[in-house]
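> for reference, the sequence and a predicted model appear below.
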Amino acid sequence: MTRIYTLVNQKGGVGKTTTAINLAAYLAKLGQKVLVVDIDPQANATSSLGVDKHNVQGSTYEALLNGDTPASFVLYNERLQLSLLPSSPSLAGAEIELVDELGREFRLKKALEPFDKKYDYILIDCPPSLGLLTVNGLVAARDGVLVPVQCEYLALEGLGQLTQTIQRVRSALFPDLRVRGVVLTMYDPRTNLAHDVVNEVNNHFPGQVFKSIVPRSIRLAEAPSYGLPISSYSPASVGAKAYETLAKELLKGDGVKIN
Ligand SMILES: Nc1ncnc2c1ncn2[C@@H]1O[C@H](COP(=O)(O)OP(=O)(O)O)[C@@H](O)[C@H]1O
Ligand SMILES: [Mg+2]
């Protein structure tokens, strides 16, 4: 059975995309068949994996509008052994175009059905909003959401709103939606603040925070401009080690054996 996780946090710049692609890259390196699904019109996950968003054959836009995903939309990166269902700028219109559609919140879930059992993991990267695209991401998150939280001032701000949205989706659309875990990102060990945020987030989400914390790392910020995940761009860097550890922690929690 495919495990489907959605990266969500309506705040921009907290590390959703960075976590989606680097976690995906390490899951793939650890032997998992992985599909990254980009539902952000900004298509950062798409370009971070070296794909030109202006030049894709088919994207999550068509998949969402038609509720169907031809296999030809999926781009396979041989070197990374990683698959991508890309986004495209046309996705920006989808929120409006879907408004009058029947079952509009279930479009992504339906569009991903052809991939059930084909992959071990599907990671969905959401836009920085709580609109219809993100709601589609939540409804499709069969095994839960991964919430990246930046270790900075006001880290918890907005998480109340996210929790409310998750509750609303539970009561109206998908009762079993769960939080798989909070991923702490951009940790700077030199500051007291980062340490405080880690404590605060652990108090707020007891038992739900991944032990692997992603440090602030310039290499992680550079990698997307080369179209590479950190596992290829700078595998010895601290950021790479962090995402590798996170991938192992996720696999262990999921009961997946690795060799
Ligand atoms: N651990 C990190 N260290 C340094 N820079 C990071 C780290 N994680 C993300 N970044 C950078 O911060 C910016 C926002 O990250 P991103 O993953 O795009 O956030 P989101 O998808 O939540 O908007 C990007 O420029 C990214 O390269
Ligand atoms: Mg993003």
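Cool, got the structure. Numbers count the residues shown, from 1 in each chain. Ligands and ions are numbered 1, 2, ... in the order given.

> next to ligand 2, which bits of the protein? Give me the list.
Within the chain, the positions adjacent to ligand 2 are 16-17, 44 by C-beta under 5 Å from the ion. Glycine gets a C-beta too; all of them are placed from N, C-alpha and C.

> the residue in the chain positioned nearest to ligand 2: neighbour count?
Proximity of the chain to ligand 2 (C-beta to the ion) peaks at residue 17, 3.3 Å away. Residue 17 is flanked by 28 other residues according to other C-beta atoms under 10 Å.

> and the pLDDT at the residue of the chain positioned farthest from its centre?
The centre of the chain is farthest from one residue, residue 192, which by C-alpha atoms, centre = their mean lies 28.2 Å away. Turning to residue 192, the model gives it a pLDDT of 90.

> what's the answer for residue 70, then?
Reported pLDDT for residue 70: 88.

> how about residue 119?
Listed pLDDT for residue 119 reads 98.

> now for it, how many residues are close by?
Residue 119: 19 neighbours (other C-beta under 10 Å).

> likewise for residue 147?
27.

> give me the element it is part of.
Under the criterion of DSSP states H and E, residue 147 resides in strand 145-150.

> what helices or strands is that strand leaning on?
Packing partners of strand 145-150 (3 or more C-beta pairs under 8 Å, 6 or more residues apart in numbering; DSSP states H and E): strand 3-7, helix 16-29, helix 159-172, strand 179-185.

> quick one, which of the ones you listed is packed in tightest?
helix 16-29 (a mean of 26; mean count of other C-beta atoms under 10 Å).

> that helix near ligand 1 at all?
Yes. Using C-beta under 6 Å from any ligand atom, helix 16-29 comes into contact with ligand 1 via 16-18.

> quick check: angle from that helix to strand 179-185?
Using axes from the mean of the first three to the mean of the last three C-alpha atoms, to 10 degrees, the inter-axis angle of helix 16-29 relative to strand 179-185 is 110 degrees.

> CA-only coordinates of helix 16-29 in PDB, if you can.
The C-alpha coordinates for helix 16-29 follow below in PDB (Å, rounded to 0.1, in the frame of the first residue of the first chain):
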ATOM      1  CA  LYS A  16       7.800  22.700   3.000                       C
ATOM      2  CA  THR A  17       9.300  22.300  -0.500                       C
ATOM      3  CA  THR A  18      12.800  21.800   0.900                       C
ATOM      4  CA  THR A  19      11.500  19.000   3.100                       C
ATOM      5  CA  ALA A  20       9.400  17.500   0.300                       C
ATOM      6  CA  ILE A  21      12.200  17.100  -2.200                       C
ATOM      7  CA  ASN A  22      15.000  16.200   0.200                       C
ATOM      8  CA  LEU A  23      13.000  13.700   2.200                       C
ATOM      9  CA  ALA A  24      11.800  12.200  -1.100                       C
ATOM     10  CA  ALA A  25      15.400  12.000  -2.400                       C
ATOM     11  CA  TYR A  26      16.600  10.100   0.700                       C
ATOM     12  CA  LEU A  27      13.500   7.800   0.800                       C
ATOM     13  CA  ALA A  28      14.400   7.000  -2.800                       C
ATOM     14  CA  LYS A  29      18.100   6.400  -1.900                       C
END
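
> before we move on, back to that, would you mind putting the residues of helix 16-29 next to ligand 1 into a markdown table with pLDDT alongside?
Output for the residues of helix 16-29 next to ligand 1, formatted as a markdown table (pLDDT from 0 to 100):
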| residue | pLDDT |
| --- | --- |
| 16 | 98 |
| 17 | 98 |
| 18 | 98 |
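
> kind regards, and thank you for your time.
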